[in-house]
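1. Just to be clear, the model below is a prediction. Sequence and coordinates:
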Amino acid sequence: MSEENITRLEVNGKEIILIGTAHVSKQSADQVKEVIEAERPDSVCIELDEQRYKSITEGNKWKEMDIFKVIKEGKASLLLMNLAISSFQKRMAKQFGIQAGQEMIQGIESAKEVGADLVLADRNIQITFSRIWHNVGFWGKMKLLAQILVSIFNNETVTEEELEKLKSQDMLDAMLHEFTVSFPRLKVPLIDERDQYLSQKIKEAPGKKIVAVLGAAHVPGITREIKMEHDLKQLTKLPPKSKAPKIIAWFIPIFLLSVIAYTFYANPEAGLQQTISWILWNGTFSALGAAIALGHPLTIVTAFIAAPITSLDPITAAGWFAGFVQAYFSRPTVKDFESLTEDVFSVKGFWRNKVTRILLVVVLCNLGSSIGTFIGGADVIRLFFENL
């Protein structure tokens, strides 16, 4: 049995075997099978949380998705981003003729075959994203999203040499590597904290012999951190929510409505100009977002009507109304849900599939409305000062 990519440790009387893998490498999956069958461990730890485990083992769950519920709960952006990241993973895996996350699937199957306990050793992905989001400012968030999207929709193929480099990073880490150079604080929640969480979960796994299947980037950190004790409750604590966004969300509409009301009182004609400007900027940009998403004509009209109103209400969003209309007039079929995992391979597929098109309508309408709010709000203030 080849010892390449394998690290053996003795911790608290337990034998721990770490397998460093590339998430799109068939060789890694074969090695996982070989090691587990040869070692017959008491526990197999895999670098998955409950959410990603279900995503891998319950691939047909897309068919049960309630698109109206997704829009209502404001999860359209999150779902679209998850699908986009999934697209990046699957496109690479398809290039090399394997299934994305094949080494994790192999770990799950081999654990069953040898009768080992399966331990989901990674931290909840949403907690990791929340802690990443908390660690960067507004422009950092914009740059992060842009960098992920550029990585996802890049159609260039990956060479075998580049794949070897990926063995030192897991899939998510690979996409965010350059970003961690620009924002060193990102490395803490993305890599360091997960190393600590993974090492503690591996160490606490039942039995005397444990095999852990991990992205190779985590092996050096886990080798170091496993010698120390880590508080899992502290590592899974969500960062405190700032009150500032809520205050700003209410302050802007109250301020703008006050400005328009005062202008109407002082100069009704100027007040009317402000109102028209607000409606046109908000409505036009939101409708443009719906049009870019190739929304139904009534979806575009809905976006135009809803945006000027919802921009003054922090509880609702133009994209929700546009998304509901799009879902009503272009309701996804079973076929759309079945082909979802294939359609996310390409940018064209995102627009063609009725499910992802609804998500695009929601996200792009909201983005357009936000741009319209900034421009329209600035124009309202300009007209106020001009007519003092």
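-> Alright, I've got the coordinates. Numbering: from 1, shown residues only.

2. Tell me, how many residues neighbour D49?
-> 19 (other Cβ atoms under 10 Å). Quick note: C-beta positions are derived from backbone N, CA and C, even for glycine.

3. Would you agree it is in contact with D122?
-> Yes - counting by Cβ atoms under 8 Å, D49 does reach D122; the two are 4.8 Å apart.

4. Point out where the stretch 1-150 of the chain drops to low pLDDT.
-> 1-2, 23-25, 59-66, 75, 77-78, 81-100, 135-150 (pLDDT under 70).

5. which residues of it fall in helices?
-> Using DSSP state H, counting those that start in this stretch, the helices of the stretch 1-150 of the chain run over residues 26-39, 50-57, 67-72, 76-95, 102-114, 125-135, 138-152.

6. mind listing what T7 touches?
-> 17-18, 20, 219, 223 (Cβ atoms under 8 Å, 6 or more residues apart in numbering).

7. cool, and I6?
-> By Cβ under 8 Å, 6+ apart, the contact list for I6 reads 17-20, 31, 35.

8. One more pass at 7 Å, please.
-> 17, 19, 35 (Cβ atoms under 7 Å, 6 or more residues apart in numbering).

9. try G349
-> Residues counted as contacts of G349 (Cβ under 7 Å, 6+ apart) are D343.

10. Which pLDDT value goes with it?
-> For G349, the model assigns a pLDDT of 79.

11. quick one: it and Q106, what's the gap?
-> 28 Å (Cβ to Cβ, to the nearest Å).

12. same question, A217
-> Where Q106 is concerned, A217 sits at a distance of 19 Å (Cβ to Cβ).

13. L383 too?
-> 64 Å.

14. same check, this time on A266
-> Taking Cβ to Cβ, one finds A266 at 73 Å from Q106.

15. Check T236 too.
-> 27 Å.

16. again, but for L214
-> In terms of Cβ to Cβ, L214 sits 13 Å off from Q106.

17. Helices along the stretch 201-350 of the chain, start to end?
-> Using DSSP H, counting those that start in this stretch, helices in the stretch 201-350 of the chain cover 219-225, 232-235, 244-266, 268-292, 297-310, 318-329, 334-338, 340-343, 347-352.

18. Any idea which of the ones you listed gets closest to N5?
-> N5 lies closest to helix 219-225 among the helices of the stretch 201-350 of the chain, at 8.2 Å (Cβ to Cβ).

19. to the chain's geometric centre, what's the distance from that closest one?
-> A distance of 26 Å separates the centroid of the chain from that of helix 219-225, by Cα atoms, centre = their mean, to the nearest Å.

20. just to revisit the earlier point, buried by neighbour count, from the contacts of I6: which ones?
-> 17, 19, 35 (16 or more other Cβ atoms under 10 Å).

21. Would you format the residues you listed as JSON lines with distance to V259 included?
-> Shown next, in JSON lines, are the buried ones among the contacts of I6 (distance: Cβ to Cβ, whole Å):
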{"residue": "I17", "distance to V259": "66"}
{"residue": "I19", "distance to V259": "62"}
{"residue": "V35", "distance to V259": "67"}
